[in-house]
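1. Take a look and give me a structure for this.
(one chain, ligands or ions: 1)
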Amino acid sequence: FAPWADPTQKPLIRFENVVKRFGDFTAVDHVSLDIYEREFFALLGPSGCGKTTLMRMLAGFEEPSEGRLTLAGEDLAGVPPYRRPVNMMFQSYALFPHMNVQDNIAFGLKQDKMSKGDIDARVEELLKLVKLDKFAKRKPHQLSGGQRQRVALARSLAKRPKVLLLDEPLGALDKKLREETQFELMDLQMKLGMTFLIVTHDQEEAMTVADRIAVMNQGVLVQVAPPAVIYEQPATRYVADFIGEVNLIEGQVTACDGETTRMASPVTPCPLVVAQHVEAKPGDSACIAIRPEKLRISLDPPAEQGENCFEGEIWDIGYLGDLSIYHVELACGQRIKVSQPNLSRLVARPITWEDKVWVTFAPHAGVVLTR
Ligand code: ATP
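-> Sure, this is the predicted structure:
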């Protein structure tokens, strides 16, 4: 059992109906969320959706306007940040420029009046953990962006918090280093057996590092689930569209029989069938979300044109090396994207601009969304 699916497990962090208002603006709107020990949890959403505010309430930099926030069963209301077993690593890293790496890491421990021997031992252990043992005497300006990020990480782990909060921690790194660092963070989280909560607007980052993702929009939690569920079974059009590429085919439900949903859409004359039951009645509006890689494209019409088929013309092709992305324009003007692996180097007759094509999908490849 994953901890969130095990009813005997108690959450480490619990947001209960938490609201945060700034004046008459609601930044966080009735959020209820449980996070478990040893989870790597991501808060994902576009800029301004309230994810940082949610994290700041856990750190104690903001107080909820309504609702309750508990950590290991303790109500956090009124508990100052320094008394919470939580530490936050900021995007800017906030390192002291005049102090060397070792002193930056030791700063909080000195303030807590830990003995020198204990501080030295802890700093040494942290330097090894983030692979900076050879850089202890350097100042922040003598380090690369990735190394500075690791100093900030070591500093935020120095007091051995129960929870590490990471606010866009990799935002300043270039793509390659960012990807490497994502795996280092995952490795570190597993080694330490800690709870990590990361805030990011980068869906690939959230999908890579997190055990579960909470997708937020305008202060509201839209879906909380493991990455594969968020991708394969998005709960709403918003989630489907925010995570990865998707084609949304709007239409009307014509029948639901407990196992399949049948729909009619103005984009194609043929019926659309999805292997999924939804709570809807004939005539209700709904849409089918289909990922580009789950569509098939062909220059030949399918043997049976009974269902799940779109006819169109190639409007554009993006060659990405491993994949080609075909933009297909349907007769109604809607464009859909189909991605196909480029398996062979020489294709017998490559699909090209203005070709007439048929796009099909299997009933289990789509998801019907009513919200
Ligand atoms: P970003 O990724 O850009 O940091 P975010 O999802 O983390 O965005 P928040 O920083 O949580 O968003 O902000 C949510 C909303 O609350 C924004 O509209 C922001 O302007 C507003 N907000 C945040 N802090 C304050 C504040 N102290 N006073 C007034 N409004 C605020």
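2. what sits against whatever residue of the stretch 151-300 of the chain ends up closest to the ligand?
-> Residue nearest to the ligand within the stretch 151-300 of the chain: His201 (5.1 Å; Cβ to the nearest ligand atom). Bear in mind the C-beta positions are built from the backbone N, C-alpha and C, glycine included. By Cβ atoms under 8 Å, 6 or more residues apart in numbering, the residues touching His201 are 44-47, 51, 168.
3. Name the SS class of Val199, please.
-> Taken by DSSP: H, G, I helix; E, B strand; the rest coil, the conformation at Val199 corresponds to strand.
4. Surely it and Thr52 touch.
-> Yes - counting by Cβ atoms under 8 Å, Thr52 is a contact partner of Val199 at 5.6 Å.
5. For those two, indicate the residue with more neighbours.
-> Val199 (23 against 20; other Cβ atoms under 10 Å).
6. Can you read off the pLDDT for that one?
-> We have a pLDDT of 94 for Val199.
7. Just list the residues touching it, thanks.
-> Neighbours of Val199 in contact, by Cβ under 8 Å, 6+ apart: 42-43, 51-52, 55, 165-168.
8. cool, Gly312 as well?
-> 328-331, 336, 356-357, 359.
9. Pull out the buried positions in the one helix or strand Ala154 maps to.
-> Element membership for Ala154, per DSSP states H and E: helix 145-157. For helix 145-157, the neighbour count (16 or more other Cβ atoms under 10 Å) marks 146-157 as buried.
10. and the contacts of Val199, which of them are in helices?
-> Using DSSP state H, 51-52, 55 are the members of these that sit in helices.
11. Of these, which are in range of the ligand?
-> 51-52 (Cβ under 6 Å from any ligand atom).
12. just curious, which of the ones in helices among the contacts of Val199 is nearest to the ligand?
-> Distances from the ligand to these, taken as Cβ to the nearest ligand atom, are shortest for Thr52 (3.0 Å).
13. Provide the partner residues of Cys216 in its beta bridges.
-> Slight slip there: residue 216 is Met, not Cys. In this entry, Met216 is beta-bridged to Leu221, by DSSP bridges.
14. got the contact list for it?
-> Per Cβ under 8 Å, 6+ apart, neighbours of Met216: 43-45, 49-51, 54, 222.
15. now Arg150: how far from Asp241?
-> Distance of Arg150 to Asp241, given as Cβ to Cβ, to the nearest Å: 35 Å.
16. cool, Leu69 as well?
-> In terms of Cβ to Cβ, Leu69 sits 30 Å off from Asp241.
17. who's more crowded, the two?
-> Using other Cβ under 10 Å, the more surrounded residue of Leu69 and Asp241 is Leu69, with 22 against 14.
18. Neighbours of the nearest residue to the more buried one once chain neighbours are set aside, how many?
-> Once flanking residues are discounted, Leu69 sits nearest to Leu76: 4.8 Å by Cβ to Cβ, 6 or more residues apart in numbering. Neighbours of Leu76 under the rule other Cβ under 10 Å: 21.
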